[in-house]
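Colleague: Build me a model from this:
(one chain, ligands or ions: 2)
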Amino acid sequence: MDFTSGSGLGRLVGQPPRVLHALRNVSLTVGVGEMLGVVGESGCGKSTLGRCIAGLYQPTRGEIFWQGAPLAALGGYRERSRQIQMIFQDPYSSLNPRMSIRQMLEEVLTVHAPAHGKGEVRDRLDELLLTVGLSPALKERLPHALSGGQRQRVSIARALAPKPRLIVADEPVSALDASVQAQIINLFDELREKLGIAFIFVAHDLDVVRHISQRIAVMYLGEVVETAPAETLFAHPVHPYSRGLIAAIPSLDPERRTPDAGIDGELPDPMKPPAGCAFSGRCSHVLPDCRQRHPNLEPVTVGHLSRCLRNEAFAA
Ligand SMILES: Nc1ncnc2c1ncn2[C@@H]1O[C@H](COP(=O)(O)OP(=O)(O)O)[C@@H](O)[C@H]1O
Ligand SMILES: [Mg+2]
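Modeller: Numbers count the residues shown, from 1 in each chain. Ligands and ions are numbered 1, 2, ... in the order given. Below is the predicted model:
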């Protein structure tokens, strides 16, 4: 997925447009009813990925498949949104401040099941609220009369209304207090298990997705640098970037923190990515070759892939 800038005045004075490759060579699969955690620091392309999958962006290149067929075969926005829903970080800005919870949910329910009578819509609305842990007694409230956690529960209810098969949740707990975060994370886990919905759960913090993801993909500068079953990733991380992220989680065993404690430096300018490995400029294990050769995402073991020239050494 590319973003092109400088197409206005810059082009008039003869400057070439600048292209930012927000996503490059990303290849991922999500199984039915699976929770895929996607992590990486701010600016690495997580939201762009989520938006491509939810159909909010049209990828510049490449294809997205849905149950074996190109995603486009699902049809227009409405058909797609029946199957794939998105939840955003800030429930306040994604909810209409002038509509009550009931009005908002009724609207979605009516769009997706226009044949339903009033009674059916009301029953389904109450059921949705209960599913996300809200009392139907709250339904006449406006968003501002709810807490942050309650508002995020409303966005979740709204996303569940069309009975989607996949929900892309883009940092859905980042704006919430720590105590509320855990409740909402548990709710996602429950929904996956009870309703069999697949989730792509985006977070900038590995700790957030650790216990609820079946698989995790770690992103760096628009690329997936490592993907593995969650337990494998934590027990045997291979890529130096993932190792740094894990080492930086304060709650983990301090002994494991020493070799790669955290990650220094900043994400490079995405308009000018390094020639070799995207992480080479910040990697404490860098070799001269890493600055020349761009590594592929390659299997370390079955279902565990890493994008590092030194995969073998680090997997040992
Ligand atoms: N609409 C856009 N136009 C131009 N650049 C964008 C746009 N959206 C994102 N970007 C750029 O793409 C890169 C990835 O952004 P994003 O997907 O939002 O990352 P993340 O969600 O991981 O923080 C960043 O460098 C960002 O500045
Ligand atoms: Mg984002």
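Colleague: any idea which helix is longest in this protein?
Modeller: Secondary structure assigned by DSSP state H gives helix 178-195 as the longest helix of the chain.
Colleague: Whichever helix or strand comes after that one and ligand 1, are they touching?
Modeller: Following helix 178-195 in sequence order, the next helix or strand is strand 198-203 (DSSP states H and E). No. Judged by CB under 6 Å from any ligand atom, strand 198-203 stays clear of ligand 1, getting no closer than 7.0 Å. Every C-beta, even on glycine, is put in place using the N, C-alpha and C of the backbone.
Colleague: and strand 198-203, average pLDDT?
Modeller: Averaging pLDDT along strand 198-203 gives 96.
Colleague: got the residues of the stretch 1-150 of the chain near ligand 2?
Modeller: 46-47 (CB under 5 Å from the ion).
Colleague: Minimum distance to ligand 1, which residue of the stretch 151-300 of the chain gives it?
Modeller: Residue nearest to ligand 1 within the stretch 151-300 of the chain (CB to the nearest ligand atom): residue 270, separated by 4.2 Å.
Colleague: okay, now that residue: neighbour count?
Modeller: 18 (other CB atoms under 10 Å).
Colleague: For residue 159, what are phi and psi?
Modeller: When read as degrees, to the nearest 10, the backbone of residue 159 gives phi -70, psi -30.
Colleague: my guess is it contacts residue 84, does it?
Modeller: No. In this structure residue 159 lies outside contact range of residue 84 using CB atoms under 8 Å: 9.7 Å.
Colleague: hey, what's in contact with both of the two?
Modeller: Taking CB atoms under 8 Å, 6 or more residues apart in numbering as the criterion, residue 159 and residue 84 both touch residue 167.
Colleague: Can you give the contact residues for stretch 69-79?
Modeller: Counting by CB under 8 Å, 6+ apart, 53, 55, 63-66, 80, 83, 111 sit against stretch 69-79.
Colleague: Equivalent analysis for stretch 190-199, please.
Modeller: 30-36, 131-132, 156, 160, 164-169, 188, 212.
Colleague: Using PDB, write down the CA coordinates of it.
Modeller: C-alpha atoms of stretch 190-199 as PDB (Å, rounded to 0.1, in the frame of the first residue of the first chain):
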ATOM      1  CA  GLU A 190     -15.100 -14.400  25.000                       C
ATOM      2  CA  LEU A 191     -16.700 -13.200  21.800                       C
ATOM      3  CA  ARG A 192     -14.200 -15.100  19.700                       C
ATOM      4  CA  GLU A 193     -14.900 -18.200  21.700                       C
ATOM      5  CA  LYS A 194     -18.700 -17.900  21.900                       C
ATOM      6  CA  LEU A 195     -19.500 -16.600  18.500                       C
ATOM      7  CA  GLY A 196     -16.600 -18.100  16.500                       C
ATOM      8  CA  ILE A 197     -15.700 -14.700  15.000                       C
ATOM      9  CA  ALA A 198     -12.100 -14.200  13.800                       C
ATOM     10  CA  PHE A 199     -10.300 -11.100  15.000                       C
END
